[in-house]
Each structure stands twice: as structure tokens, then as C-alpha cells.
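Q: just a sequence and a predicted model for now, questions to come.
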Amino acid sequence: METIYIYPGTFCPPHFGHVAVAKEAARIFGNITVICSVNPVKEGKMPFTPEECKAMWQTYGLGRNIVVATLDEFLAAQKISETTVMVRGIRDDNDIKFENNVILYNCDKFGIRHYHYVLAEKIYAEMSSTKARIAAQNNDLAELEKMVNPDIAAKMLERYHPEN
């Protein structure tokens, strides 16, 4: 049975740190599937749907060995098996603590028992989707473009400030 490498998350929005983790995972494993999903804890609180986040990923020019799908698309096309490996990005100690809960949730809900952590480069350590959303809410284009590409920054500003 073939090993499947997945990198799931809400990615709302996907930032340069997320892209770096996906590219590193693809370099190591050959292929990776990024899965845009909804975190049950955050459900209804995110400004973009998984489909919109998937479209945002496509603006990064990821290459052929990185496929992006929503969770529904992935589950319709692929079965999670004992050879599925979940890739996670780690920035600091807080991420490690958070990922313990992610592991337990995904083991219980989907039966995923194998994980691989990719440590973020220092230049991405301070990036987060939350910080990107705050920058967009504050209409801080300079800060936002440190974390996401101009296409995503424009989409975020439009979502948070439709009157502009």
C-alpha cells in the first residue's frame, strides 16, 4: 500500500510559512496533499471557506508535487489508511503542545497514527493566519504582505473592508 502524505489545516489564510512547510514536505516525501478543512473549534468563525482557502493556495505557484484539496474532495477521492502520514509545521513550544491535541483528534476521528513534523525556518516563526487576519482587519497592508502574497492580501482586505 502506498504511503500518502497529507498536510491538513484551516489555512485561513495560507501564509508564507504554510507554503514553506508544504514545499519542504514535498522535497522530503516527493508528493504532498494540502487539505483545506474546517476546525470544529473554529467552525463559523473563519472568514473564508475551505474552497476559498484552496483557491488562495493556488496563487503561490506550488509545483506539480503539491496538490491542494478540500477535506471533502480528498475523502471522496482517497481513503485514509494505515499508511497515511500527517505532516505538521512547528514554530515553537506552543505549537508542539497544540499538535498533541491535533494528533489525538485525528487519530480518534480518522485513524491517522503517523505524523511528521517540519520545523519552520526562523523567518516564519512569527507568522500565523490569526496575525494575518488581524492585519487585514486593521487595514495594515504592509504587515499583511509580510505574511501572504499580494493576491491573498487583496482578497483579505476586500473581505474585511468591502466598502473600499
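A: That came through fine.

Q: use CA for all of it now, contacts and neighbours both
A: Fine.

Q: give me the buried positions along stretch 130-137.
A: 132-133, 135-137 (16 or more other C-alpha atoms under 10 Å).

Q: identify those among the residues you listed that sit within helices.
A: Using DSSP state H, 132-133, 135-137 are the members of the buried residues of stretch 130-137 that sit in helices.

Q: turn these into TSV, columns for distance to Val38.
A: Shown next, in TSV, are those (distance: C-alpha to C-alpha, whole Å):
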residue	distance to Val38
Ala132	18
Arg133	16
Ala135	22
Ala136	20
Gln137	21
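
Q: go through the buried residues of stretch 130-137 and name the one nearest Val21.
A: Using C-alpha to C-alpha, Ala132 is the member of the buried residues of stretch 130-137 that sits closest to Val21, with 17.3 Å.

Q: ok, that closest one touching Leu144?
A: Yes. Here Ala132 reaches Leu144: they are 5.6 Å apart, a contact under C-alpha atoms under 8 Å.

Q: and the next helix or strand past the lowest-mean-pLDDT helix or strand in the chain?
A: Least confident helix or strand of the chain, by mean pLDDT, DSSP states H and E, is helix 93-110 with a mean of 90. Past helix 93-110, further along toward the C-terminus, the next helix or strand under DSSP states H and E is strand 114-119.

Q: in that following strand, what's buried?
A: For strand 114-119, a neighbour-count test (16+ other C-alpha under 10 Å) marks 118-119 as buried.

Q: just the CA trace of that strand, in CSV.
A: Backbone C-alpha positions of strand 114-119 (Å, rounded to 0.1, in the frame of the first residue of the first chain) are rendered in CSV as follows:
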residue,chain,number,x,y,z
HIS,A,114,1.7,8.5,11.8
TYR,A,115,3.0,12.1,11.9
HIS,A,116,5.9,14.0,10.6
TYR,A,117,6.9,17.4,12.0
VAL,A,118,8.6,20.0,9.8
LEU,A,119,10.3,22.7,11.8
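
Q: contacts for that strand next, please.
A: Outside strand 114-119, the residues within contact range by C-alpha atoms under 8 Å, 6 or more residues apart in numbering are 21, 24-25, 83-91, 103.

Q: and the average pLDDT for it is what?
A: Confidence for strand 114-119, expressed as mean pLDDT, is 95.
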